[in-house]
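Trainee: With the sequence up front, the predicted model follows.
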Amino acid sequence: MKPVSLIRTVVPTVAAAIWSLTALAAAGREAARPTVPLLNALQLAQYCDAKLQQAQQRIQALERPESAAPTKAADAKALLSAWNQLQIVLEDVQGPAELFSNVAPDPQVRTTAETCLLAVGQLSTGLLQNPAVYARFKAARAMEKSVDSVDKKMLRDVTNSFEDAGVGLPPIQRARMKAILARLDGLSQEFARNLRDNHQKLSFMPEEVKGLPEDYLSRAERDDQGNYLLGFDYPEFAPFMEYAENGEARKRYLIADTNRGTSRNLDLLSEAVTLRREMAALFGQTSYAQFVTRRNMAATPQAVQRFLEEVRAKVAALEKDELDELRALKADLNKQALAETKVESWDLSYLQQKLKRARFHIDQNGLRKYFPTDAAIPWILHVSGILYGIEFRAAPGPSWHADVRYYDVIDTHSHARIAGIYLDLFPREGKVGHAAVWEVRGSSSLAGRTPISVLIANFNRQGLDSEELETLLHEFGHVLHGVLSNTRYLGQANSSVERDFVEAPSQMYENWARNRETLSLMSRFCLSACPTLSDQQLEQIKSAHEFGRGILYGRQLLYAAYDMKLHGQTSGDPLQIWAEMEDATPLGHVPGTEFPGQFGHLMGGYAAAYYGYMWSEVLALDMLSRFHGKLLNPVVGQRYRKYVLSRGSELRAKDLVRNFLGREPDSTAFFEEISGRRPQ
Ligand SMILES: [Zn+2]
C-alpha cells in the first residue's frame, strides 16, 4: 500500500498557512525571490514573536474602522484587502513553522516551531472570535450585490470562518470553544511527535530476512551478531512486507508498525474525538461529522453514508475474489490444502507481490532500474512543464538540509517567475515518515504574492518502483495545485478548496505514472543509460495495477467508515470500535495491532473527512476523461490549469469541475476503477 499522503493541515478556520521571508522587494524590476526562512531555534522564536505582534497590530486596526459600516463596494474591497494582508502576516509565520515542526534536522527548531504554532493557533482563534471584526464582515455582506463573484464568495468564506470558530456563541461557550481548539492543536502535535520521533528498531535474524532483495539488505543496519535492525521508515518497512518469506517475521513487523504511535496516541485520539463531539454540540450539531460535512461537497453525513454504501456494493465481491486468489496462491506456496489455508493481514503485500510477479511478470523491486530517482525527478518536472506551459529552473541556495533542492517555476508564456518549489525526498532522523506537501506560501494576486510548495517524501535513493512513482505523481499533483494557484486572495489559494475535493488533482495525476507517452520520456533523463519499458511491460504494469482494486478499496472503505463512526452520534473507545469494525472485514482484526494510534489523518484535517479520498477520486477520474488518453496534450493541460488549478476556492469545487468538463460531473469512471474494469 502506498504511504499516506497528507496535505498541510491548519487550524480549522484561519485560511491556510504560510509566509515569506524575503517579502517581494519592490526595488528594481526583478522582485527578490521569496524563500523559506532558515532560522535557528532562537531566531525562529524571535521571528514568531515579531510576526504575531505585527498580526496583533493589524487586528487592532481592523477593529477600528474609519466608518461604522461599508456603504459602497470599495469599502467591502478595502476590508477584504486588509484581511488579506493580515492573513499574509499569519501565513508568513505559520507556513515555515508547520514545515519545520515536521522536517527540521535540529530537534530544538522542531520544538520551537511547535510552540510557535500553538501561539499562532491561539491568536487565530482569538481573531475569529473577535466580535468587532466579525461585525465589519457582517456589514460588508450587505454589499454582496455590488461586488464580483470572487469577492462575494470570499466575504461568505470569511464570515463562515468566524461563525465556525464560535463568534456567535454566548461568552461561556465561546471561551470553551477557544479552549477546545487550543487543546486539539496540542493533541495533534503530540500525536505527530510520537510517530515522528519513534526511533525504535526491530531486530531480525538473517533467516528472517530471506527473500529480501540484495540491495535492500546491503543498505540495512546490522548489530554485532549480524542481525538486521529495521525501523518504521517506508523504504525499510514496505519492501519487508512484500518480500520477506518468513510470515512470523512479517507479522511481528506489522504489529510493531501499527503500535509505533504508542498507546499514548490512542489516549490522544480518544480525547480529540470527545472534544470534537463537545464542540459540535456547542453549535447544536448532532455530531462532529455533521459539523464538518456541512462545509464540504457531501454536505451531510447521510450523503457520505450513501456514497460508502455504493462503494461497498461495488467492491465487496471483487475483494472476496481477489482474496480467494491469494488464498489459492498461499496454499500452493505452502503446499497445504486450500481448506486449511487462511490469508492473514501480514500476507497481503507478500502474496500480491508474488501473484503479480507470476501472473504479470512484474517485480516491483526490479522496476527501480527503469525509474532511477535522479531521473524520475527531472522527468516529472519536464512532463509538468509540457502540460502546463511552465519550466522549472534549479536555483542553488541554502536550505534546511543538504538533500533539499529548490526550483523556480517560470511561466513559459510570460517568462515571469510565478512560484517556487522545494523537494525534500529522502528519509532522515526526526523527519516526518510519510509523503506530503506543505504549501508554505499561498498565492494572492492582489498582494503580488507568489506561492511556494514543499514536497516531502521518503524515497529510495536508487530508484522508484511503480507504486512509488505513483506516489511521486500524487504528491506532485498537490505541488502543482499550489504553485499554479493564481487567486486574488490568499484565503482562497489552492488547498482551501473543500476537503473532499482537495485530493482530486493529485489522484488524477497518478495516472501519468502508467502512460506510454509520458513514460517514454523517462530515459532521456537517466544519468547513465537506463532501460526503457517495452509496450508489453507497460501493459503488464497496468494489469498489475488493476489486480487488488477490491482489496485496496475495501480497506479505504474501512478507514472512511471508521472515521465517520468515530465522529458520529454515538461515543465509544476508538480502539474497540476499530477492532470490531476491522473484525467484520474478510481478513479480520489482528490482536495486538493498534492501527488508530498511527492514523495521522484523524488528528489532522481529515477528521470526519477521510471519505474525501474516494469522493475526490470520483472527480479526479471524471476530469481525467477530458484528456482522452493524451496525457501530454498542452491544450487540455492549459484548460485544466485555467479552470481548476489556478482558481483555488474562488468557486465551489463542483463549479470548477463543471467549467473544466463543460458538463455535469459523473461517477462512471470511478466505479469502473474500483471494480477493476476501467480502461487504462
Ligand atoms: Zn494527497
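Mentor: Now that the structure is in, tell me what you want to look at. Residues are numbered from 1 along each chain as shown.
Trainee: Just give the nearest non-adjacent residue to Gly397, would you?
Mentor: Once flanking residues are discounted, Gly397 sits nearest to Tyr406: 5.7 Å by CB to CB, 6 or more residues apart in numbering. The C-beta positions use only the backbone N, C-alpha and C, and glycine is treated the same way.
Trainee: Oops, could you answer that again for Ala419 instead?
Mentor: Val483 (3.6 Å).
Trainee: sorry, back to before: direction included, what does the strand or helix carrying the residue nearest to Gly397 pair up with?
Mentor: Per DSSP states H and E, Tyr406 falls inside strand 405-411. Strand 405-411 has its sheet partners listed here by DSSP bridges as strand 390-394 (antiparallel), strand 417-424 (antiparallel).
Trainee: contacting residues around the shortest one?
Mentor: Applying CB atoms under 8 Å, 6 or more residues apart in numbering, the set of residues contacting strand 390-394 from outside is 381, 384-385, 405-412, 418, 421, 484.
Trainee: and what of the last one?
Mentor: The contact list for strand 417-424, computed with CB under 8 Å, 6+ apart, reads 31, 33-36, 103, 377, 390, 392, 399-401, 403-411, 431, 440, 443, 450-457, 479, 482-484, 486.
Trainee: quick revisit: gap between the residue nearest to Ala419 and Pro34?
Mentor: Going from Val483 to Pro34 by CB to CB, to the nearest Å gives 12 Å.
Trainee: Quick check: neighbours shared by these two?
Mentor: Gly420, Ile452.
Trainee: of the two, who's got more company?
Mentor: The residue with more neighbours, out of Val483 and Pro34, is Val483; 27 against 23, by other CB atoms under 10 Å.
Trainee: List the residues that contact the more buried one.
Mentor: Val409, Ile418, Ala419, Gly420, Ile421, Pro451, Ile452, Ser453 are the contacts of Val483 under CB under 8 Å, 6+ apart.
Trainee: ok, 6 Å please
Mentor: Val409, Ala419, Pro451, Ser453 (CB atoms under 6 Å, 6 or more residues apart in numbering).
Trainee: Output these as JSON lines; include the columns neighbour count and distance to Met177.
Mentor: Shown next, in JSON lines, are the contacts of Val483 (neighbours: other CB atoms under 10 Å; distance: CB to CB, whole Å):
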{"residue": "Val409", "neighbour count": "27", "distance to Met177": "39"}
{"residue": "Ala419", "neighbour count": "26", "distance to Met177": "36"}
{"residue": "Pro451", "neighbour count": "30", "distance to Met177": "31"}
{"residue": "Ser453", "neighbour count": "31", "distance to Met177": "32"}
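Trainee: for these, which one is nearest the ion?
Mentor: Checking these against the ion by CB to the ion gives Ser453 as the nearest, at 12.4 Å.
Trainee: What about this protein, which residue is the most distant from its middle?
Mentor: Centroid-distance maximum for the chain: Ala337 at 43.2 Å, with CA atoms, centre = their mean.
Trainee: For the residue lying closest to it once chain neighbours are set aside, give its distance to Ala339.
Mentor: Among residues not flanking Ala337 along the chain, Ala331 sits closest, at 6.7 Å (CB to CB, 6+ apart). Per CB to CB, Ala331 is found 9 Å from Ala339.
Trainee: So for the two, which sits in the more crowded spot?
Mentor: Comparing Ala331 with Ala339 by neighbour count (other CB under 10 Å), the higher total belongs to Ala331, at 17 against 7.
Trainee: confidence score at the residue in the stretch 451-600 of the chain positioned nearest to the ion?
Mentor: Nearest residue of the stretch 451-600 of the chain to the ion (CB to the ion) works out as Ser506 at 4.5 Å. At Ser506, the model reports a pLDDT of 96.
Trainee: What separation is there between it and Ala376?
Mentor: 16 Å.
Trainee: likewise Gln57?
Mentor: 46 Å.
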